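In: sequence plus the predicted model coming up.
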Amino acid sequence: MKEPRYLVNHMYTADPSAHVYNGKIYIYPSHDIESGIPENDNGDHFNMQDYHVFSMDDVNGEVTDHGVVLDVKDIPWAGRQLWAPDAAYKNNKYYLYFPLKDKNDIFRIGVAVSDKPEGPFVPQKNPIKGSYSIDPAVLDDEDGNFYMYFGGLWGGQLQRYRNNKAIECGHEPDDNEPALHPLVATLTDDMLEFDEEPRNVVILDEHGEPLKAGDYDRRYFEGPWVHKYNGKYYFSYSTGNTHNICYAIGDNPYGPFTYAGLILTPVVGWTSHHSICEFKGKWYLFFHDAAPSSGKTWLRSIKVVELEYNEDGTIKTIEGGGDW
Ligand code: FUB
């Protein structure tokens, strides 16, 4: 599959996290809606209310919509805005991880549980203790350890924290200082809490120095994802206001990761958010753009395209088709 394929036409979807369970591809996206809230840098216009799960037998196959699998009104601690989710499987249970603002308008990360990959999912009473910011992505390292990566700037509130503590006045570092880091923490055996204090995920430049906050084309903004290829760990992410999806390579799940290049150039629409998944020996990039809504950045549509590697393990850049 060399040309990207839109996957869902009957509703708007974004932030697709793809996994293979029981020989099928399952996609856990955000469900974009028109809620009439004006666009701003806080992302208030991304006012999503529920999640659907989608599945398909093949990347070219029919896509099944499994309907609403979790609704904001059923989450006891909910304030507003269900943003980009991810899923994980362990011991015959499926876990849906999601960012949501609590009743004080602070983003936390919640968990909901199901016996089936397609849900429905039953939410826990409280968010994960010590969680903050947005965009959880869980790596199953296939050795019994599960790692949650998370964090997002601006509306994602990451700039309000240092060393896992809220600071009085949220701000980004100066341009010549190290960029804010995404976070990673292992999950407890029951998959419901952090098993350790979240640690910084450090992304290094070609000189072995942490990327600077002013390096807007390469520094981390939101939307982390980690996959393994030929024994290496690939940490990929969005650069937010420069609209790139890029990646960095490391030797273990905690990093550090060294910047390695662009996976996806800007798409139509402000946000760019992706996942990467292997299926039947090929690799695929799942992402979204806002072309079907004529560029309304809060009304996005998920897509898939094949992702290819060069012989040295670097990834071939895919054109997103945006004009940023
Ligand atoms: O969908 C809402 C937010 O937009 C996500 O959490 C971010 O990654 C961006 O795609």
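Out: Cool, the structure landed. Residues are numbered from 1 along each chain as shown.
In: list the buried ones in stretch 59-77?
Out: 59, 63, 66, 69-70, 72, 75 (16 or more other Cβ atoms under 10 Å). Heads up, the C-betas are built off the backbone N, CA and C, glycines and all.
In: dump these to JSON lines, plus distance to His274 and pLDDT.
Out: Below are the buried residues of stretch 59-77 laid out as JSON lines (distance: Cβ to Cβ, whole Å; pLDDT from 0 to 100):
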{"residue": "Val59", "distance to His274": "15", "pLDDT": "96"}
{"residue": "Val63", "distance to His274": "18", "pLDDT": "98"}
{"residue": "His66", "distance to His274": "22", "pLDDT": "98"}
{"residue": "Val69", "distance to His274": "21", "pLDDT": "98"}
{"residue": "Leu70", "distance to His274": "22", "pLDDT": "99"}
{"residue": "Val72", "distance to His274": "24", "pLDDT": "98"}
{"residue": "Ile75", "distance to His274": "26", "pLDDT": "98"}
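In: what about the spatially closest residue to Thr64 that is not a sequence neighbour, distance to the ligand?
Out: Sequence neighbours aside, Ser55 is the residue nearest to Thr64 in space, at 5.0 Å (criterion: Cβ to Cβ, 6 or more residues apart in numbering). According to Cβ to the nearest ligand atom, to the nearest Å, Ser55 and the ligand sit 21 Å apart.
In: report pLDDT for Ser55.
Out: On the pLDDT scale, Ser55 is placed at 98.
In: just give me the neighbour total for it.
Out: Using other Cβ atoms under 10 Å, Ser55 is surrounded by 18 other residues.
In: is it located within a strand, as I assumed?
Out: Yes. According to DSSP: H, G, I helix; E, B strand; the rest coil, Ser55 belongs to a strand.
In: tell me the bridge partners for it.
Out: Note on Ser55: beta-bridge partners Tyr26, Thr64, judged by DSSP bridges.
In: tell me the contacts of it?
Out: Contacts were defined as Cβ atoms under 8 Å, 6 or more residues apart in numbering; by that measure Ser55 touches 24-27, 63-64, 66, 117-118.
In: quick revisit: now render the buried residues of stretch 59-77 as JSON lines, adding distance to the ligand and secondary structure.
Out: Below are the buried residues of stretch 59-77 laid out as JSON lines (distance: Cβ to the nearest ligand atom, whole Å; DSSP: H, G, I helix; E, B strand; the rest coil):
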{"residue": "Val59", "distance to the ligand": "22", "secondary structure": "coil"}
{"residue": "Val63", "distance to the ligand": "20", "secondary structure": "coil"}
{"residue": "His66", "distance to the ligand": "20", "secondary structure": "strand"}
{"residue": "Val69", "distance to the ligand": "17", "secondary structure": "strand"}
{"residue": "Leu70", "distance to the ligand": "15", "secondary structure": "strand"}
{"residue": "Val72", "distance to the ligand": "14", "secondary structure": "helix"}
{"residue": "Ile75", "distance to the ligand": "16", "secondary structure": "coil"}
